[in-house]
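>>> Any chance you could fold what I've pasted below:
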Amino acid sequence: MKRHHWIVPSLAAVLGGLGYGVAQNLPSRDAASLQASAPAAVPADEAKEDLARPALSDRVSLGYRRKGDENFVEVRVSTVEPFNDVDRRLASTVAAAAVPASSVETALAPDVASGFQRSGATAFLRKVAAAGDAAAAEDVASTDTSAAPAFEATPLSSRLLGADEPVWQSRYFAGNPLVGGIFQGDGNRSDAAALIGAARTARYVLLGETHDNPDHHRLQGDIVSDLADQSSDLSLVFEMIPLRLGSALSAFGTQGAGAIDMDGLSDRLEWSERGWPDFSMYRPLFEAAKREGFAVIPGDLDRDVVSSIVQSGVSSLSSEMRSKLSLNGPADPEMVADLMSEVRSAHCGLMPEAALAPMADAQRARDGSLAAAMLDAAKTGDKAVLIAGAGHVREDRGVPSILERTDPDAETLSVRMLEVDAEDGDPADYGLKAEAPAPYDFTIFTPRADIDDPCEALRARMQEKGGSAAN
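Now for the predicted structure:
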């Protein structure tokens with residue numbers, strides 16, 4: 001928990017504290033201007049003189065925190081002068097800083113309870129906190145969702161959206177009001193600064209994608225670049241690379257990384273043969289790893305292991321392998337049922353019912369393999385980043401749930417990149433609700449890369465496969 005402890009003369013404390021509190025609660029576009037208008041900190045010599053004076057008033061230590069405030073968790077103010085008759089001066093100063101006057105005056109009105117007016121530093125600071133909340137709430141309420149700060153203006157996209165390339169490479173529904181928005185799991189709007197701040201403190205960062213969306217990979221690359229500024233000992237774990245191809249990655253993170261042939265890497269990883277989208281979308285991540293000296297680690301199970309699980313179940317694995325994949329205990333029936341439902345939906349209802357449970361077991365095993373790779377990567381570095389499909393980074397039953405059971409003291413952050421669906425412009429349309437939050441810490445909305453019906457293509461492949469088998 002971040003803490004700030006200020007010891008300042010009372011008026012400066014109130015004005016500076018309010019400016020800081022309001023700035024932290026207002027949207028990012030207003031914060032800088034309010035912080036710039038706050039009074040400067042008192043020099044140390046003056047503070048010593050104030051502390052030497054007789055105690056003329058109560059000192060107060062007031063924690064101020066609003067749920068969801070990651071960068072403004074707790075502020076404690078110790079006063080060395082009385083809070084006498086400053087309501088009027090505070091209101092005028094705040095008004096000059098363009099905080100809505102109505103909200104401030106309401107918050108600074110006399111606080112009456114049980115027939116008498118409360119007074120003193122504690123009561124006044126509570127009014128200050130209320131003023132900050134009210135000003136922020138009024139500003140947010142008056143801002144239409146579609147007019148919210150554009151994603152293009154946030155720090156996260158400063159490199160992503162250069163002048164020489166289009167804002168979005170995906171073509172469909174780019175005008176949806178959610179596109180570019182960053183939201184918490186409960187549907188509250190967030191921003192790039194909060195996301196990057198959380199990623200920098202986490203030991204495990206999981207970036208969930210739609211595989212064929214180029215913007216998702218651009219976002220991943222931008223987040224990794226931000227983390228590279230803070231961490232020199234980071235590892236990238238890829239769902240797209242099975243364990244058997246680890247030798248093709250062995251030079252990453254070593255002194256020999258400079259000699260890696262990037263042009264031939266796709267062939268060495270059998271990328272297109274194994275059905276992954278165009279390697280050019282992923283290549284910037286590998287280039288960043290080469291440039292920054294990051295290790296690159298395979299995360300997925302080999303195909304023969306997955307086939308064995310589908311055909312013979314988890315029991316076909318050795319006890320050592322089951323332990324490594326976190327499959328050595330009974331599976332939660334509700335979780336398995338959810339997985340089976342997801343497998344059914346992902347295969348457009350065309351998968352035989354008898355195949356759903358084995359496929360769910362295979363998904364659990366793959367999650368276990370990715371989690372094991374993340375744990376191993378973090379043992380030799382200070383941070384591990386997973387590049388995987390969004391289903392693998394779910395907090396309720398994906399890789400994060402295994403990491404939190406296995407390494408409960410470490411921070412884990414799950415980020416989902418999500419394509420918008422036509423013109424649906426409410427976060428609740430995508431499961432981001434306060435009463436039932438989505439199983440991700442952050443969701444970033446992007447346009448869609450493709451609007452073709454994937455089920456039609458799957459039906460065609462299955463019919464072709466069935467016809468070939470019959471012949």
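
>>> mind listing what Tyr172 touches?
Shown in contact with Tyr172 (CB atoms under 8 Å, 6 or more residues apart in numbering): Pro447, Arg448, Ala449, Asp450, Ile451. Placement of C-beta: from N, CA and C, glycine included.

>>> was I right about the first one contacting Val179?
This points to Pro447. Yes - with contact defined as CB atoms under 8 Å, Pro447 counts as touching Val179 (5.7 Å).

>>> Next, count neighbours for Met262.
Look at Met262: counted by other CB atoms under 10 Å, it has 10 neighbours.

>>> quick one: it from Leu386, how far?
Distance of Met262 to Leu386, given as CB to CB, to the nearest Å: 22 Å.

>>> How about Phe252?
Counting by CB to CB - Phe252 and Leu386 are separated by 16 Å.

>>> Ile309 too?
Plainly put, Ile309 is 21 Å away from Leu386 if you go by CB to CB.

>>> Which one's more surrounded, these two?
Leu386 (30 against 24).

>>> hang on, the more buried one in a strand?
Yes - read with DSSP: H, G, I helix; E, B strand; the rest coil, Leu386 is one of the residues of a strand.

>>> Bridged to it, which residues?
Leu206, Val237 (DSSP bridges).

>>> got a list of what Arg461 touches?
Contacts of Arg461 (CB under 8 Å, 6+ apart): none.

>>> what about the chain, any weak spots by pLDDT?
1-166, 466-471 (pLDDT under 70).

>>> and the longest helix belonging to it, what other elements does it pack with?
Identified as the longest helix of the chain according to DSSP state H is helix 353-380. Helices and strands touching helix 353-380, by 3 or more CB pairs under 8 Å, 6 or more residues apart in numbering; DSSP states H and E, are strand 204-209, strand 234-242, strand 295-300, helix 303-312, helix 319-324, helix 333-346, strand 383-389, helix 399-406.

>>> Now do that helix and helix 399-406, the angle between them.
Counting by axes from the mean of the first three to the mean of the last three CA atoms, to 10 degrees, helix 353-380 lies at 60 degrees to helix 399-406.

>>> Flag every buried residue along helix 353-380.
Using 16 or more other CB atoms under 10 Å as the test for burial, helix 353-380 gives 356-378.

>>> Give me the number of neighbouring residues for the residue lying closest to Val385 once chain neighbours are set aside.
Residue nearest to Val385 in three dimensions, not counting chain neighbours: Val205, with 4.7 Å by CB to CB, 6 or more residues apart in numbering. Neighbours of Val205 under the rule other CB under 10 Å: 25.

>>> can I assume Val205 is in contact with Asp382?
No - with contact defined as CB under 8 Å, Val205 does not reach Asp382; the gap is 11.5 Å.

>>> ok, Gln169 - contacts?
Residues in contact with Gln169 (CB under 8 Å, 6+ apart) are Pro214, Asp215, Arg218, Ala449.
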